[in-house]
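Visitor: I'll drop the sequence and a predicted model, then ask my questions.
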2 protein chains.
Amino acid sequence: MSQYIFGVDIGGTTVKLGFFDAEGNLLEKWEILTRKEESGSKILPDVAESIKNKMAEKQLISADILGIGVGAPGPIDSDGVVHRAVNLGWGTFSIKETLEGLLHIPVMAGNDANVAALGEMWKGGGQGSTDLVVVTLGTGVGGGIIIGGKVLTGADGAGGEIGHIHVQDGEEECCGCGNKGCLEQYASATGIKRLAVKKMRESNKDSVLRQGEVSAKAVFNGVKSKDELAMEVAAEFGKYLGEGLAVIASVINPETIVIGGGVSKAGEVLFDYIKPSYEKNVFHANRNVKFALATLGNDAGIYGAAKLIADIVMPNIK
Amino acid sequence: MSQYIFGVDIGGTTVKLGFFDAEGNLLEKWEILTRKEESGSKILPDVAESIKNKMAEKQLISADILGIGVGAPGPIDSDGVVHRAVNLGWGTFSIKETLEGLLHIPVMAGNDANVAALGEMWKGGGQGSTDLVVVTLGTGVGGGIIIGGKVLTGADGAGGEIGHIHVQDGEEECCGCGNKGCLEQYASATGIKRLAVKKMRESNKDSVLRQGEVSAKAVFNGVKSKDELAMEVAAEFGKYLGEGLAVIASVINPETIVIGGGVSKAGEVLFDYIKPSYEKNVFHANRNVKFALATLGNDAGIYGAAKLIADIVMPNIK
C-alpha cells in the first residue's frame, strides 16, 4: 500500500498545497485563496476541504495518508500551537488539534520560515547537511536554523528571527519591528532598495540605477554590468549580511548557509559580496562553511511541511 | 543497588573530578594535576587511575558506575572525538574510546564550556529551563547554548563560541582569535580591564580606579560605590554584552540567559548594565527572557559532565 503526505504552506494571500509520496517526491501541487475574514477562522476548514477533495479524486482513505504538515506565518511551538499570526488574523490556538479534528489524520505544524528552511535541507540547496542556516531575502529577511536535522523552534516558537539581529549601531531609521539597525534594513529587497536610494542621493556618479525603477533586482543587474554605484550598494549589503551571518555561524557552527528568497535570484554573485565580510568577522572554526543558493523557490514551504511528517514516520531518514 | 556517575572537568592546570549519585547529587570532589607533557598523553590514563582508586576506596565495581562524563577545552563532536585541544597538547582522537578502553565503563565527552552550561541548566542558575544561553565571563568569554535540554555542539564541535561574535566595527586592537571587535574584547575580565585603562587615559575624572590595581573586580566595586568613571566602564561593558546577547537571543529564542565566570561575582548589578542594551536591541519576542547568575562556580563542569551520562541513562529527566 502506497502512502502519501500533504504539505501545506499558509500565506497571507494564498495557501499552497503539495501532495507527496513518502519519499518526499512532489506528485502534485495547487493553491487556494487564503480567506482572512472572521479572524481567519475559515482558513483551516478550507484547507481540510481541499485535502478531502484531493483524496476523493485520488480515491484515497485516511489510512493512505501518513500525515499533513503545515507551515504558517507566526510563532508556532513544538506542540503545533500558534501564538498570534497577525497576517492571518489568528490568535492563539492549536493548528494541530484543529486540523486533526477536521480530518482525523495526524498533523504537525511549524513557523513558515522555519519549515521552508527544512524543505531546503531535505530537497533543496542544503541537501546533505543537517546543521544549517537558511536565510530568506525577500520583502523582509526571514530564516530558519536547523540543528541535527531539526528546526530550532526556540522557547516561544520565535527561533531563527535572523532578520532582526542588530548589525548597525548608527542607524537612524526604524525597522518594521521597532528597533534600529536590524539586518532586514540592509539585506532584504526593501533594504537594498533603501541603500540604493541613499547612495544615489549622496553620490554624483552616473549609474544605470538612475535610469529606471530602483530595486534589489536593478542593483544586482547593475553589478553584473560593472556599474560602480550598484557595486557600492552591493558591497554595503554584503558587509551587513556577512557580519550577521558570521555572528550566527559563530554561535551555531553550521555546515551550510543557504541563501533564498527573491534577492537570491541574483545568483552566485551574491557570495562575492557576502563572503569577504563573513570571513573577516567569523570565528575561525566556521571560516570554511559551505554557501549555497536555495533551489526550491516558493515550493520550499510545502516540501518542509511534508518533512515535518516524514520526520515522525521515519525519524532516521534525513 | 545504588549507581553512580563520575564527572570529569579537564583544565589546563588541574583536572576536577566529581563522584555523583544517579540523581546528580555531588557526593565527593577532588582534583589531580593536568600532566601536559608528551602531548598530553598522560592525562586520560591519570584520570582513569584516579577513578580506579576512588572505586577501590568505595568498594565499587564497573557495574555500579553508570558512566563517566568528560569536559575538555577544545572542539569535541557528539561522538566524543576532540579536534585539537591546544591547551592540553592534544591532537585529534576519541576521548570516549580512549577512556572506555582504559576503564570499560561508558564515556561521554563534550567541550568544557558547553558542558559547564549543561551543569548550570541541571543544578545551577538555569534550573527549570531547557532552552538557554550560558555565558562565562572569565579571562575570556566562553559559553554554551542549550536547546531542548541538549548542548548545541555544532557541525564541527565549535557551537556556542559566544566570545567571538562581532559586536564592534571600529575596533583597532586584535582579539586573541585574530579578528577585531569580538565580544571577548569588551566583556571578559581582561576586556573590562582594557576598557577601564582606556577610559582612565581619555578622562581627567578622579576615580577609585586610579588608586590600586585596575581589574574587572575593581570596576564593579567602583560601581557599587557610585564611582563615575567605573560606571562609565560598566556601561560600555553592558552595551556590548547586551548587544551580543540580543543577537544570540534573536536567533535562539532562549527562556533563560545565565551569566557566570569570575566577573559574575559582581552580582545582580551586572544586569543593570546589560539589560538596557539587551532590551533595546533584541527582537520583541525575546524581551522577557529571564536573566540569572550562575551558581555552581568551578563545579559547573563536573556537574555538566555527569549530566552527559544522566541524559543517556534517563533521557527524560531534565
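Guide: It's in. The model shown is predicted, which means the values in this text are computed figures rather than measured ones. Numbers count the residues shown, from 1 in each chain, chains lettered A, B, ... in the order given.

Visitor: Low-confidence regions, chain A specifically.
Guide: A:1, A:314-318 (pLDDT under 70).

Visitor: On the three-state scheme, A:Gly110 is what?
Guide: When classified by DSSP: H, G, I helix; E, B strand; the rest coil, A:Gly110 comes out as strand.

Visitor: er, A:Val135 actually
Guide: Classification of A:Val135 using three-state DSSP returns strand.

Visitor: ok, now A:Val8?
Guide: Put simply, A:Val8 is strand when judged by three-state DSSP.

Visitor: Look up the closest residue to the residue of the stretch 101-250 of chain A found nearest chain B, ignoring the ones flanking it.
Guide: When scored by Cβ to the nearest Cβ, the stretch 101-250 of chain A has A:Gly154 as its residue closest to chain B, at 2.4 Å. Using the backbone N, CA and C atoms, a C-beta is placed for each residue, glycine as well. Of all residues not flanking A:Gly154 in the chain, B:Asn253 sits nearest, at 2.4 Å (Cβ to Cβ, 6 or more residues apart in numbering or on different chains).

Visitor: returning to what we had before: what about the residue of the stretch 101-250 of chain A closest to chain B, which SS state?
Guide: Going by three-state DSSP: A:Gly154 is coil.

Visitor: Hmm, B:Ile248 and it touching each other?
Guide: No: assessed by Cβ atoms under 8 Å, A:Gly154 is found out of contact with B:Ile248, at 11.5 Å.

Visitor: Mutual contacts of those two, please.
Guide: B:Pro254 (Cβ atoms under 8 Å, 6 or more residues apart in numbering or on different chains).

Visitor: residues from the stretch 201-318 of chain A in reach of chain B?
Guide: A:243, A:246-248, A:250-255, A:280-286 (Cβ under 8 Å from any Cβ of the partner chain).

Visitor: hmm, which of those are the buried ones?
Guide: Neighbour counting with 16 or more other Cβ atoms under 10 Å in any protein chain shown marks A:243, A:246-248, A:250-255, A:280-283, A:285-286 as buried within those.

Visitor: of the residues you listed, closest to A:Lys180?
Guide: Distance to A:Lys180, by Cβ to Cβ, is smallest for A:Glu243 among these, at 15.9 Å.

Visitor: which SSE is that closest one in?
Guide: Taking DSSP states H and E as the criterion, A:Glu243 maps to helix A:228-252.

Visitor: Phi first, then psi, for A:Ile5.
Guide: phi -130, psi 140 (degrees, to the nearest 10).

Visitor: Wait, it touches A:Ile309, no?
Guide: Yes: A:Ile5 lies in contact with A:Ile309 (Cβ under 8 Å); the separation is 4.7 Å.

Visitor: and the residue of the stretch 101-250 of chain A closest to chain B, how many neighbours?
Guide: By the criterion of other Cβ atoms under 10 Å in any protein chain shown, A:Gly154 has 28 neighbours.

Visitor: Return the residues in contact with it.
Guide: Counting by Cβ under 8 Å, 6+ apart, A:Gly154 touches A:Gly160, B:Asp131, B:Ile252, B:Asn253, B:Pro254.

Visitor: ditto for A:Arg287
Guide: A:Glu279.

Visitor: so the residue nearest to A:Gly154 sits right up against A:His164, yeah?
Guide: No: taking Cβ under 8 Å as the definition, B:Asn253 is not a contact partner of A:His164, at 11.3 Å.

Visitor: just to revisit the earlier point, closest one to A:Arg84 out of the contacts of A:Gly154, please.
Guide: Checking the contacts of A:Gly154 against A:Arg84 by Cβ to Cβ gives B:Asn253 as the nearest, at 15.0 Å.

Visitor: what's near enough to touch the residue nearest to A:Gly89 when sequence neighbours are not counted?
Guide: For A:Gly89, ignoring the flanking residues on the chain, the nearest one in space by Cβ to Cβ, 6+ apart is A:Gly40 at 3.9 Å. Going by Cβ under 8 Å, 6+ apart, A:Gly40 touches A:Thr34, A:Ala85, A:Leu88, A:Gly89, A:Trp90.

Visitor: which of those lies closest to chain B?
Guide: Closest approach between the contacts of A:Gly40 and chain B, by Cβ to the nearest Cβ: A:Ala85, at 13.0 Å.

Visitor: and the closest one, what does it touch?
Guide: Each residue near A:Ala85 by Cβ under 8 Å, 6+ apart is listed here: A:Gly40, A:Ala72, A:Pro73, A:Gly74.
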